[in-house]
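I would like to see how this sequence folds:
(2 chains)
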Amino acid sequence: MEALKQELKSKIIEVLNLEDIAVEDINDNDALFGDGLGLDSIDALELIVLLDKDYGIKLTDPKEGKSIFVSIETMANYIAANRTK
Amino acid sequence: MEANKYISQYCVIENNSVAINGEPQFALENGSFSEFAKAAYKHFGIDYPKFFKMDNLSKLAFLTSEIILKEVVNPAEENDIALVFANQSSSLDTDAKYQSSIADETAYFPSPSVFVYTLPNICIGEICIKHKLQSENAFFVFGEFNAAFMSNYANLLLETNKAEKVLCGWVEYYNEKFKAVVYLVEKQGKLEHNEQTVNTLYTK
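Reported below is the predicted structural model:
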């Protein structure tokens, strides 16, 4: 699980072009949206693509993302339980 | 007779270099556009993380405009600055990138963050968002730089009181080739605003 969290942090930084943010700057329970990393709605869509592309998880209802993308911790838990690749 | 209009400031970016009002201010020898844009962003002390999410056309338009607007815009009040931009290649560079991401049916992962930049006027939207500008704006696509149209359009906006100032720009980017000429037209300034002067900014 720890490796998955590190991998997620690295992918999020790369995919979302988070300049000047390093893996070690993101805590597992930091909020991804709002006051945390400050991601926006387009970033949320990009995270849905990331789940599909890298972990074979298709979210049919984008509203599901609200509970999945709370933090790295919640993302990693969801991926570990639902990944198909 | 309408009062004269002037170009108060102008910024030109080409060949990995930045000149403000004709004076060279920054250059990066060698390097891709992305490397140049990042270096210029840091050099001019811009602090706007969303810059790094923009496509290359928007980065070019944003940088060239920001260098002018950071000295002009008062964030404490509404700024009546219209934007009139144009280029030759529209958003073709990003359109092609997006198309390549959906060309393979077995690896079909369209990127939302690339898709949002598949229109050229998005670049002026980025500038308006940064400075909360709610004034007139328009983006035109021409076969070549059109000084007559740009100067007429800016004059019309000022003479009909649609804006107090007009930020005009030619922002061309395609396949690592780029050139941006952005200038501010208003009632005061050093250079008289007319077709000849605008042409001079573009060609010199």
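
Tell me which residue is most central in chain B.
B:Ala61 (2.9 Å; Cα atoms, centre = their mean).

The helix or strand where it lies packs against which elements?
Here B:Ala61 sits within helix B:56-69, counting by DSSP states H and E. Secondary-structure packing of helix B:56-69 (3 or more Cβ pairs under 8 Å, 6 or more residues apart in numbering or on different chains; DSSP states H and E): strand B:6-14, strand B:17-20, helix B:33-43, strand B:81-87, helix B:92-101, helix B:122-131, strand B:165-174, strand B:177-186. Glycine gets a C-beta too; all of them are placed from N, C-alpha and C.

Surely B:Ser135 touches B:Asp80?
Yes - B:Ser135 lies in contact with B:Asp80 (Cβ atoms under 8 Å); the separation is 5.5 Å.

Overlap in contacts, those two.
Common contact partners of B:Ser135 and B:Asp80 (Cβ atoms under 8 Å, 6 or more residues apart in numbering or on different chains): B:Ala163.

So those two - more neighbours on which side?
Comparing B:Ser135 with B:Asp80 by other Cβ atoms under 10 Å in any protein chain shown, the one with more neighbours is B:Ser135, at 18 against 15.

Can you dump the C-alpha atoms of stretch A:57-65 in PDB for me?
The C-alpha coordinates for stretch A:57-65 follow below in PDB (Å, rounded to 0.1, in the frame of the first residue of the first chain):
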ATOM      1  CA  ILE A  57     -11.000   1.400 -13.100                       C
ATOM      2  CA  LYS A  58     -13.900   3.000 -15.000                       C
ATOM      3  CA  LEU A  59     -16.000   5.500 -13.000                       C
ATOM      4  CA  THR A  60     -19.400   5.600 -14.600                       C
ATOM      5  CA  ASP A  61     -20.600   8.300 -12.300                       C
ATOM      6  CA  PRO A  62     -18.200  11.300 -12.000                       C
ATOM      7  CA  LYS A  63     -19.900  12.100  -8.600                       C
ATOM      8  CA  GLU A  64     -18.200   9.000  -7.200                       C
ATOM      9  CA  GLY A  65     -14.900  10.900  -7.500                       C
END
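
now it, how far from the centre of its chain.
Averaging C-alpha coordinates over stretch A:57-65 and over its chain gives two centres that are 13 Å apart (Cα atoms, centre = their mean, to the nearest Å).

which of the residues in it are buried?
A:Ile57, A:Leu59, A:Gly65 (16 or more other Cβ atoms under 10 Å in any protein chain shown).

Point out the other helices and strands that the one helix or strand in chain A whose mean pLDDT sits lowest packs with.
Using mean pLDDT, DSSP states H and E, the weakest-scoring helix or strand in chain A turns out to be helix A:65-68, at a mean of 91. Here helix A:65-68 touches helix A:41-55, helix A:72-82, going by 3+ Cβ pairs under 8 Å, 6+ apart.

residues from chain A in reach of chain B?
A:16-20, A:38, A:42-43, A:45-46, A:49, A:52-53 (Cβ under 8 Å from any Cβ of the partner chain).

Give me the buried subset of these.
Judged by 16+ other Cβ under 10 Å, buried ones among the residues of chain A next to chain B: A:Leu16, A:Asn17, A:Leu18, A:Ile42, A:Asp43, A:Leu45, A:Glu46, A:Val49, A:Lys53.

Enumerate every residue touching the fourth one.
The reference is to A:Ile42. Shown in contact with A:Ile42 (Cβ under 8 Å, 6+ apart): B:Lys53, B:Pro112, B:Ser113, B:Val116.

Farthest pair within those?
Across the contacts of A:Ile42, the longest distance by Cβ to Cβ is 11.3 Å; it joins B:Lys53 and B:Pro112.

Which one's more surrounded, the two?
Neighbour totals were compared for B:Lys53 and B:Pro112, and B:Lys53 leads with 20 against 15 (other Cβ under 10 Å).

gap between B:Asn152 and A:Asn77?
Going from B:Asn152 to A:Asn77 by Cβ to Cβ, to the nearest Å gives 60 Å.
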